[in-house]
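>>> Next come a sequence and a model predicted from it.
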Amino acid sequence: MGGSRQNVTFPSNGRTAHGYLALPPRGVGPGLVVVQEWWGLTSQLADTVDRFAAEGFVALAPDLYGGETTHDKDEAARLLRQLPVEQAVRDLRGAVDFLLEHPQAVGDSIGAVGFCMGGGFALVLAAQEGDRIAAVVPFYGLPKDPDYDYRGLTAHVLGHYGERDRSIPVAAVDEAAIRIGEATDRRPEIHFYPAGHAFMNEENLLGTYDALQARIAWQRTLSFLWGHLG
């Protein structure tokens, strides 16, 4: 168990939510919600928020666990079980409101990026928020419900998945992409990498971090976000 990186509060779901906000060097930029893995709002995730800010985004990672973080798999599973999807998405909607109203965030829509658990949450959020989210980027994450109804999603979708990811089979990703295409007028752009789960996270405990594939996915993500938010 460790401490979460928090530096901002905002109203969400009838209470006060916390998060980590980073601003771009120019002071203004498109808004971007960054959704945590099941470890919580860790220093690694905060560093990812900083990286997005350095590239020009007003980036916010909401703290869905209320300050708790962990590097223990069983503890992470417990925290995830205690976090109902609907509650998490309601909290994330508060983050969308916060960014759309933020004086340094430009535009009338934002982007959403999520990792692992957060990838699934980002897709659900995009489906619920409609045109308030213009671009969504799930990294090795899908909604818990394989039959999730994506109607309402208008965002452009870029997905990053590992060919050797034991938790998310390639077939499940393909099926989700088909469901998105059938429910919306969007055709997701999906990339598979010769890597395992969490290949973007240099601190992941699986030993599956892949620096090269992470660099490729990062550059694709930046190009995609700027193409739809810039």
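All right, it came through fine. Model, not experiment: these values are computed from the prediction. Numbers count the residues shown, from 1 in each chain.
>>> and stretch 14-21, how far from the chain's centre?
Its chain's average C-alpha position is 16 Å from that of stretch 14-21, according to C-alpha atoms, centre = their mean, to the nearest Å.
>>> do stretch 9-16 as well
Using C-alpha atoms, centre = their mean, the offset of stretch 9-16 from its chain centre is 19 Å.
>>> Can we start the residue count at 11 from this point?
With the count now opening at 11, the last piece we talked about shows up as stretch 19-26.
>>> what's the average pLDDT for that stretch?
Regarding stretch 19-26, the rounded mean pLDDT is 86.
>>> my guess is residue 170 is in a helix, correct?
No: applying DSSP: H, G, I helix; E, B strand; the rest coil, one finds residue 170 to be strand, outside a helix.
>>> Count the neighbours of it for me.
Residue 170: 28 surrounding residues under other C-beta atoms under 10 Å. C-beta: built from backbone N, CA, C; applies to glycine.
>>> Look up phi and psi at the spatially most central residue of the chain.
Nearest residue to the geometric centre of the chain (C-alpha atoms, centre = their mean): residue 124, 1.5 Å. Phi and psi for residue 124, reported as degrees, to the nearest 10, are phi -140, psi 150.
>>> same thing with residue 133?
phi -70, psi -40.
>>> tally of neighbours for it?
28.
>>> just checking, it touches residue 146?
Yes: taking contacts as C-beta atoms under 8 Å, residue 133 lies within contact range of residue 146: 6.2 Å.
>>> shared neighbours, those two?
124, 163, 167 (C-beta atoms under 8 Å, 6 or more residues apart in numbering).
>>> Count the residues that sit near the last one.
Neighbour count for residue 167, taken as other C-beta under 10 Å: 24.
>>> got it, and the second one?
Residue 163: 25 surrounding residues under other C-beta under 10 Å.
>>> mind listing what the nearest residue to it once chain neighbours are set aside touches?
With sequence-adjacent residues excluded and distances taken as C-beta to C-beta, 6 or more residues apart in numbering, residue 163 is closest to residue 137, at 4.2 Å. Neighbour list for residue 137: 158, 159, 160, 161, 162, 163 [criterion: C-beta under 8 Å, 6+ apart].
>>> Now render the residues you listed as TSV, adding distance to residue 196.
Shown next, in TSV, are the contacts of residue 137 (distance: C-beta to C-beta, whole Å):
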residue	distance to residue 196
158	14
159	14
160	9
161	11
162	11
163	7
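>>> which of the residues you listed has the most neighbours?
residue 163 (25 neighbours).
>>> Give me the phi and psi angles of that residue.
Per degrees, to the nearest 10, the backbone of residue 163 is at phi -80, psi 120.
>>> how about it, what does it touch?
Contacts of residue 163 (C-beta under 8 Å, 6+ apart): 133, 136, 137, 140, 146, 190, 193, 194, 196.
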